[in-house]
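The following block contains a protein sequence and its predicted model.
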Amino acid sequence: MGCMFSHLAAKFAFFPPSPPTYHLTKSPGGKLSAVSSSTSSTFPATGDSSLDVRVVKTRRGNKVTAFYLRNPNARLTLLYSHGNAADLGQLFDLFVQLKVNLRVNLMGYDYSGYGASTGKPSEYNTYADIEAVYECLQTEYGVGQEDLILYGQSVGSGPTLHLASKLPRLRGVVLHSGILSGLRVLCHVKFKFCCDIYSNINKIKKVKCPVLVIHGTEDDVVNWLHGNRLWKMAKEPYEPLWIKGGGHCNLEIYPEYIRHLYRFIQDMENTTTKSRLKKIWQDIRKRDESKGCCSFGLCSPKCPRCPKPDCDCSCDCRCDCSCKWSCPSFKGCFSCCKKPSCCKCSCPSLKGCFTCCKKPSCVSSCCCVPKLKCCSCFGKPRCPKCSCWKCLKCPESECCCCAGCFGWLCCCGGGRRKEGETRGGNTVA
């Protein structure tokens, strides 16, 4: 039933130009070239190295046509997904302007059923189309996702976000008059229906690169609220461009369009993988600090006056030893113990605390809950003379550690202390 609705929705979503505005010819040497069907658009002569015409086969059996426009000064490549009522013949002049003004290589393609591409247009065909074109960029031109910017206009925002959600190291995304979903263009709905297509409202959350949203305030086809919502839902939103008075198909004629887009391209060129990772870690650190506790949700202080594990208040929830996160290698702390009941241990090597016990009752009984015995999972202590490293006040008869706790390095150091070894200035017999 859902498949039938999708085919029905496709009839209202795709309007390929008929007849196509161009057709393909093959030279005696086997090289493909495009020939315009009208005088409104002109293609380079056969043999011009600035344009490569390719036919790419998709995983769904269709053959899609793609134009690759080469710029010798480019550092990045733009993969352009057009709207629902245009083909490559109508967009070629725009591609040339973008290639020159933005100083990028540009790959544009026609969806299945558009232009010289075979098959019929549908949501899932467009997903297969953009995946095949991206694979062509990788294999034929050596373009990795780190050097790629995806550009989606109107319906093209669907395949663009589909591919962007699968590429974690993508350089950037541009959404030009993008849609939240196909059904939301027609009416305001808050739920997902089986007949809906291009659920961008869900996929935008999976995009891990900067997202530039461009939308006209007077768009009477896709309301400006679509672009505004997409921008707010992006994980890493770039400064948006709301073109005052702009419609759905005329944003390119506004001077601020090319200026803002050029600034975005320049910022993406200056952004390295190292700087992006650094920014991501800074954002995560700020978010964790704003929560007032660890991001894993493992620490739950019982004292209302103690909002953070590393606070300096003196209350009943603390003991004489430090309750701060002082482990130098915190990364390895949870290698085997996924959910300890307390993580306020300040041992020099917290990694060893979880090597033997999967669900300990505490990390360090003297540090967190003095009355609990961390050895309860191993049975009764065999050695009453074993002493805890951290707690300096617990009686030896009630010490939480034993010789059997061979893995609790932070509590007993792997076994009994030697006779005559001092602890805090006192000699242990």
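Here it is on my side, so go on.

What sits closest to residue 113 if chain neighbours are left out?
Excluding the flanking residues, the one nearest residue 113 by CB to CB, 6 or more residues apart in numbering is residue 121, at 4.0 Å. Yep, even glycine has a C-beta here, placed from its N, CA and C like the rest.

Now the one you found, what are its backbone angles?
Main-chain torsions, residue 121, degrees, to the nearest 10: phi -70, psi 140.

Just confirm it contacts residue 60, I think it does.
No. Residue 121 is beyond contact range of residue 60, at 11.8 Å (criterion: CB atoms under 8 Å).

Distance of the residue nearest to residue 113 relative to residue 48?
Noted for residue 121: a distance of 30 Å to residue 48, by CB to CB, to the nearest Å.

Next: residue 100.
Taking CB to CB as the measure, residue 100 falls 15 Å from residue 48.

Show me the strands in the stretch 1-150 of the chain, by range?
Secondary structure of the stretch 1-150 of the chain by DSSP state E, counting those that start in this stretch: the strands cover 22-26, 32-36, 51-57, 63-69, 77-81, 105-109, 148-153.

Of those strands, flag the one that's most buried.
Most buried of these, by mean neighbour count (mean count of other CB atoms under 10 Å): strand 148-153, with a mean of 26.

Counting neighbours, go ahead and name the busier of residue 121 and residue 60.
When residue 121 and residue 60 are compared for neighbours, residue 121 comes out ahead with 22 against 15, by other CB atoms under 10 Å.

got the contact list for that one?
Applying CB atoms under 8 Å, 6 or more residues apart in numbering to residue 121 gives the contacts 10, 13-14, 16, 111-114.

and these as CSV, adding distance to residue 152, pLDDT and neighbour count?
What follows is the contacts of residue 121, written out as CSV (distance: CB to CB, whole Å; pLDDT from 0 to 100; neighbours: other CB atoms under 10 Å):
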residue, distance to residue 152, pLDDT, neighbour count
10, 17, 61, 20
13, 14, 79, 20
14, 15, 87, 21
16, 17, 93, 19
111, 12, 97, 28
112, 17, 96, 23
113, 18, 95, 19
114, 15, 96, 26
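
Residue 185: which of the residues you listed is nearest?
Nearest to residue 185 among those is residue 13, at 8.8 Å by CB to CB.

and that closest one, how far is that from residue 113?
Relative to residue 113, residue 13 is positioned 12 Å away (CB to CB).

Count the residues that sit near residue 202.
13.

Assign it to helix, strand or coil.
helix (DSSP: H, G, I helix; E, B strand; the rest coil).

Extract the residue ranges of the stretch 51-200 of the chain that are flagged as low pLDDT.
Along the stretch 51-200 of the chain, segments meeting pLDDT under 70 span 187-195.

Helices of that one, residue ranges please.
For the stretch 51-200 of the chain, applying DSSP state H, counting those that start in this stretch gives helices covering 88-102, 123-141, 157-164, 182-186, 200-203.

Quick check: residue 247 touching residue 220?
Yes. Using CB under 8 Å, residue 247 is in contact with residue 220, at 6.6 Å.

Any chance of the strands of the stretch 1-150 of the chain in a markdown table with distance to residue 227 as columns?
Below are the strands of the stretch 1-150 of the chain laid out as a markdown table (distance: least, CB to CB, whole Å):
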| stretch | distance to residue 227 |
| --- | --- |
| strand 22-26 | 30 |
| strand 32-36 | 32 |
| strand 51-57 | 30 |
| strand 63-69 | 27 |
| strand 77-81 | 16 |
| strand 105-109 | 22 |
| strand 148-153 | 12 |
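
Show me what residue 149 is bridged to.
Applying DSSP bridges to residue 149 gives these bridge partners: residue 78, residue 172.

Give me the distance between it and residue 56.
Distance of residue 149 to residue 56, computed by CB to CB: 19 Å.

What of residue 217?
Per CB to CB, residue 217 is found 37 Å from residue 56.

likewise residue 28?
Going from residue 28 to residue 56 by CB to CB gives 23 Å.

Same check on residue 117?
The spacing between residue 117 and residue 56, counted by CB to CB, is 9 Å.

If the nearest residue to residue 153 once chain neighbours are set aside is in a bridge, with which residues?
Excluding its sequence neighbours, the residue lying closest to residue 153 (CB to CB, 6+ apart) is residue 176, at 4.2 Å. For residue 176, the beta-bridge partners under DSSP bridges are residue 153, residue 214.

Let me know how buried residue 176 is, in neighbour terms.
Using other CB under 10 Å, residue 176 has 27 neighbouring residues.

ok, it - contacts?
By CB under 8 Å, 6+ apart, residue 176 lies in contact with 151-154, 156-157, 214-215, 251.

7 Å instead?
Contacts for residue 176 (CB atoms under 7 Å, 6 or more residues apart in numbering) come out as 151-153, 214, 251.

Could you work out the most separated pair of those?
The span of the contacts of residue 176, defined through CB to CB, is set by 152 and 251 at 13.4 Å.

Residue 198 against residue 179, yeah?
Yes. Residue 198 is within contact range of residue 179, at 6.3 Å (criterion: CB atoms under 7 Å).

residues shared between the contacts of those two?
Listed contacts common to residue 198 and residue 179 are residue 155; contacts here mean CB under 7 Å, 6+ apart.

list the contacts for residue 262?
Going by CB under 7 Å, 6+ apart, residue 262 touches 101-102.

helix/strand/coil for it?
Under three-state DSSP, residue 262 falls in the helix class.

show me the contacts for residue 15.
84-85.

Distance check, it against residue 131.
The value you get for residue 15 to residue 131, if CB to CB is used, is 23 Å.

of all the helices of the stretch 51-200 of the chain, which lies closest to residue 268?
Closest to residue 268 of those is helix 88-102 (CB to CB; 10.4 Å).

related to what we said a few turns ago, could you export the helices of the stretch 51-200 of the chain as JSON lines, including distance to residue 69?
Formatted as JSON lines, these follow (distance: least, CB to CB, whole Å):
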{"stretch": "helix 88-102", "distance to residue 69": "5"}
{"stretch": "helix 123-141", "distance to residue 69": "12"}
{"stretch": "helix 157-164", "distance to residue 69": "18"}
{"stretch": "helix 182-186", "distance to residue 69": "30"}
{"stretch": "helix 200-203", "distance to residue 69": "27"}
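
mind checking which of these is nearest residue 34?
Minimum separation from residue 34 across the helices of the stretch 51-200 of the chain (CB to CB) falls at helix 88-102, 7.4 Å.
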